[in-house]
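# predicted model, plus sequence, below.
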Amino acid sequence: MNDDLPLEIVKGLTGVHHAFYLDDAILNELKEEEAKVKGTMNIGVVNEGFNEALKREKVICIIKDFRFRPPPAPTVILRGNDGSVMGEEVFPHTLHEYKGREDLIWMGEEFVVFPEVQAHGGETFVMPPIAFPELNDGNGCVDVISCSPAPTSDLKIKTYYGYKDDPKLATILVAFDKL
């Protein structure tokens, strides 16, 4: 497999400003940073997507703008310790699924909570691994996942690689093994 094919595919996607492989030094810094993240009301945060990315051979960082396609699934979920989904992120393209419902509570404009779902033993914000269909076995990639780093990790990446911290640009990580 051409090692640069996945990177070239990612660089060609709409809304991508920069794309590059992360080295081990920054991945180790991010691992420490992600372990410290806390959410609203001091609720713990587990970035399952990032933890899965660390298990892959290659990790590409994308610095993207608003034109980049929306994720195919929520990137933040409020999960009870028993595994129940107590809340989730809402996107403009999924808003119609939630609008007008009386069985949920809006926490801002982009997150809903399902009050009838009880947390038996507590809750955690989870950032799950998300599919990234642009990379697949057809272009030499297997076990592909994507994830969003925490805002503090986003800043660490931009600083480490010399990019300015522009609030209109966000990072996404795409990790995979080579076929």
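Alright, I've got the coordinates. Residues are numbered from 1 along each chain as shown.

# top strand in the chain by residue count?
strand 170-178 (DSSP state E).

# quick one: list the elements packing against that one.
Applying 3 or more C-beta pairs under 8 Å, 6 or more residues apart in numbering; DSSP states H and E, we find strand 170-178 packed against helix 5-11, helix 48-53, strand 58-64, strand 141-147, helix 151-160. For the C-beta atoms, the positions are set from N, CA and C on the backbone; glycine is no exception.

# paired strands for that strand, with orientation please.
strand 58-64 (antiparallel), strand 141-147 (antiparallel) (DSSP bridges).

# and the lengthiest helix in the chain, how far out from the chain middle?
In the chain, taking DSSP state H as the definition, the longest helix is helix 24-36. The gap between where helix 24-36 is centred and where its chain is centred comes out at 15 Å by C-alpha atoms, centre = their mean, to the nearest Å.

# go through it and flag the buried ones.
26-27, 30, 33-34 (16 or more other C-beta atoms under 10 Å).

# circling back: tell me what angle the longest strand of the chain forms with helix 24-36.
On the basis of axes from the mean of the first three to the mean of the last three C-alpha atoms, to 10 degrees, strand 170-178 is oriented at 120 degrees to helix 24-36.

# from the centre of the protein, give me the residue that's furthest out.
Most distant residue from the mean C-alpha position of the chain: Glu102, 28.5 Å away (C-alpha atoms, centre = their mean).

# check contacts around that one.
With contacts defined as C-beta atoms under 8 Å, 6 or more residues apart in numbering, Glu102 has no neighbours.

# sec struct for it, please.
At Glu102 the chain is in coil, as set by DSSP: H, G, I helix; E, B strand; the rest coil.
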